[in-house]
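1. Okay, here's the prediction I keep looking at, along with the sequence it came from:
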Protein chains: 2
Amino acid sequence: MTKKSADPANGHPPAARQVPMRDFSRSLPMSLLRAREAVMRQFRPSLREHGLTEQQWRILRALAAIEAVEVTELARTAFLLGPSLSRILRDLEARNLIERKTAKADQRRSMVSISKEGLKLMASVAPTSEAIYAEITRRFGARKLAELQDMLGELERSLAGLGGADETIAGE
Amino acid sequence: MTKKSADPANGHPPAARQVPMRDFSRSLPMSLLRAREAVMRQFRPSLREHGLTEQQWRILRALAAIEAVEVTELARTAFLLGPSLSRILRDLEARNLIERKTAKADQRRSMVSISKEGLKLMASVAPTSEAIYAEITRRFGARKLAELQDMLGELERSLAGLGGADETIAGE
DNA sequence: CGCATTCACTTAACATGTTAAGTATCTCGC
DNA sequence: GCGAGATACTTAACATGTTAAGTGAATGCG
């Protein structure tokens, strides 16, 4: 949609296409961005009703599956940068949705876990969330969805080790 | 690393898997997020060298293809929300990369266009950007890339009209 | 014409993304 | 054991995402 270029009614010369590049709207980053937005648009309202943002929900979900994790590993799991996670954890802790206690062995580490309240909140959100996911799967097709996920994973892997900058991965 | 369980020293029962949900890291939103990040990680350093953020680059690219646009349409094209765009345009204008002038017919509208300097900057960034895109295409495979884009587009379309909240689209 | 509504932005306020510094611990070599 | 360096976070600072409110300019209707 919206493939204008029909040169509506502005009495101007063709265009200022000085710099030749691929059609911007068809670039891979834009495709991924739009697709993700289309998906998240479905979930946000429900999360919002429960006073959760997308990232907060990611954190709770990551925590629900385990007993406790260090902040750094949680950041990897929830795909958040340290500073963002740090702030969000502060808020979630203030809301009593998570708990924190410094590890005894290493005072630098703090172990994060979900609280009873956090679990209760999750339980109230999960059904809707699952229903939405099911509807998305139904609309797009379970088979195609799996195929898409495979391709996305492959894309990730094919770009691993092409780190644009520092590349501090080493033995991982 | 990845010392997962091993149950260090905390005297707690096994795990807190109270709320049953799909494996979080395999959800569609996470797959899309990670894939996009893997791609953008390639571009960011180059853009950064030229003093541009991803969004600023999106705006310049959108502008390079046309003579001038209203802010609202530019927002659609660059896939940015009004407020973000508003701020970024203010900055880009201060850097003389774009130009703005209010439309004569409708004083509310302001037409945005890329400046000579903006075009010059684009010309200096485009080659590297294209090279990176080519490398990504090479690694992932041109055929698969096209296939992936198709699927992403399909996903978008299959979720259109399922707007999570207001749904104020009407005749578009 | 008068004025309520709608429009096209812009501001404001708060949450997150992102990079750079800062702080407290821990580890290790000497 | 002690001081340099590495670690695990946290803070800070700035840019963007996101929603709500504000502002000025068109529109429409009585």
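-> Thanks, I have the structure now. Numbering: from 1, shown residues only, chains lettered A, B, ... in the order given.

2. Tell me the buried residues in the helix of greatest length in chain A?
-> Scanning chain A for the helix with the most residues, using DSSP state H, yields helix A:116-140. Neighbour-count burial for helix A:116-140, counted by 16 or more other CB atoms under 10 Å in any protein chain shown, picks out A:118-119, A:121-122, A:125-126, A:129, A:132-133, A:136, A:140. Every C-beta, even on glycine, is put in place using the N, C-alpha and C of the backbone.

3. Show me where chain A has its helices.
-> With helices called from DSSP H, chain A shows them at A:28-49, A:54-64, A:71-78, A:82-94, A:116-140, A:142-159.

4. Which among the ones you listed is found nearest to residue B:104?
-> Each of these was checked against residue B:104 via CB to CB, and the shortest separation belongs to helix A:28-49, namely 32.2 Å.

5. elements contacting that closest one?
-> For helix A:28-49, the helices and strands in contact under the criterion 3 or more CB pairs under 8 Å, 6 or more residues apart in numbering or on different chains; DSSP states H and E are helix A:54-64, helix A:116-140, helix B:28-49, helix B:142-159.

6. that older thread, now the buried residues of helix A:116-140 as CSV including pLDDT?
-> What follows is the buried residues of helix A:116-140, written out as CSV (pLDDT from 0 to 100):
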residue, pLDDT
A:118, 94
A:119, 95
A:121, 94
A:122, 93
A:125, 92
A:126, 92
A:129, 91
A:132, 92
A:133, 93
A:136, 94
A:140, 95
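
7. before we move on, the earlier item: could you export the helices and strands packed on helix A:28-49 as JSON lines, including distance to DNA strand C?
-> Formatted as JSON lines, the entries for these read as follows, by distance: least, CB to the nearest atom of the strand, whole Å:
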{"stretch": "helix A:54-64", "distance to DNA strand C": "4"}
{"stretch": "helix A:116-140", "distance to DNA strand C": "14"}
{"stretch": "helix B:28-49", "distance to DNA strand C": "5"}
{"stretch": "helix B:142-159", "distance to DNA strand C": "19"}
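
8. Which of the ones you listed sits closest to residue A:157?
-> Of all the helices and strands packed on helix A:28-49, the one in closest proximity to residue A:157, counting by CB to CB, is helix B:28-49 (8.6 Å).

9. tally of neighbours for residue A:102?
-> 11 (other CB atoms under 10 Å in any protein chain shown).

10. Tell me the spacing between it and residue A:95.
-> With distances defined as CB to CB, to the nearest Å, the gap from residue A:102 to residue A:95 amounts to 20 Å.

11. related to what we said a few turns ago, I'd like the helices of chain A written out as a markdown table, with distance to DNA strand D added.
-> As requested, the helices of chain A are exported to a markdown table (distance: least, CB to the nearest atom of the strand, whole Å):
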| stretch | distance to DNA strand D |
| --- | --- |
| helix A:28-49 | 5 |
| helix A:54-64 | 7 |
| helix A:71-78 | 3 |
| helix A:82-94 | 3 |
| helix A:116-140 | 15 |
| helix A:142-159 | 19 |
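
12. Mean neighbour count, these: which tops it?
-> Of all the helices of chain A, helix A:54-64 has the most neighbours on average by mean count of other CB atoms under 10 Å in any protein chain shown, namely a mean of 22.

13. wait, does that one contact chain B?
-> Yes. Helix A:54-64 lies within reach of chain B by CB under 8 Å from any CB of the partner chain, at A:54, A:58, A:61-62, A:64.

14. Using PDB, write out the CA atom coordinates for that helix.
-> Once side chains and other backbone atoms are set aside, the C-alpha atoms of helix A:54-64 remain, and they are given as PDB (Å, rounded to 0.1, in the frame of the first residue of the first chain):
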ATOM      1  CA  GLU A  54       6.800  -4.700  27.200                       C
ATOM      2  CA  GLN A  55      10.200  -4.800  28.800                       C
ATOM      3  CA  GLN A  56       8.900  -5.300  32.300                       C
ATOM      4  CA  TRP A  57       6.800  -8.200  31.000                       C
ATOM      5  CA  ARG A  58       9.900  -9.600  29.400                       C
ATOM      6  CA  ILE A  59      11.700  -9.500  32.700                       C
ATOM      7  CA  LEU A  60       9.000 -11.200  34.600                       C
ATOM      8  CA  ARG A  61       8.700 -13.900  32.000                       C
ATOM      9  CA  ALA A  62      12.400 -14.500  32.100                       C
ATOM     10  CA  LEU A  63      12.300 -14.700  35.900                       C
ATOM     11  CA  ALA A  64       9.200 -17.000  36.100                       C
END
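
15. and it, how far from the chain's centre?
-> Distance of helix A:54-64 from its chain centroid, counting by CA atoms, centre = their mean, to the nearest Å, is 10 Å.

16. ok, now stretch A:60-75?
-> That offset, for stretch A:60-75, works out to 15 Å (CA atoms, centre = their mean).

17. Quick check: end-to-end length of that stretch?
-> Start to finish, the residues bounding stretch A:60-75 are 12 Å apart (CA to CA, to the nearest Å).

18. what's residue A:86 in contact with, if anything?
-> If a contact means CB atoms under 8 Å, 6 or more residues apart in numbering or on different chains, then residue A:86 has residue A:71 as its contacts.

19. separation between it and residue A:102?
-> Taking CB to CB as the measure, residue A:86 falls 14 Å from residue A:102.

20. do residue A:143 as well
-> Residue A:143 is 47 Å from residue A:102, where distance means CB to CB.
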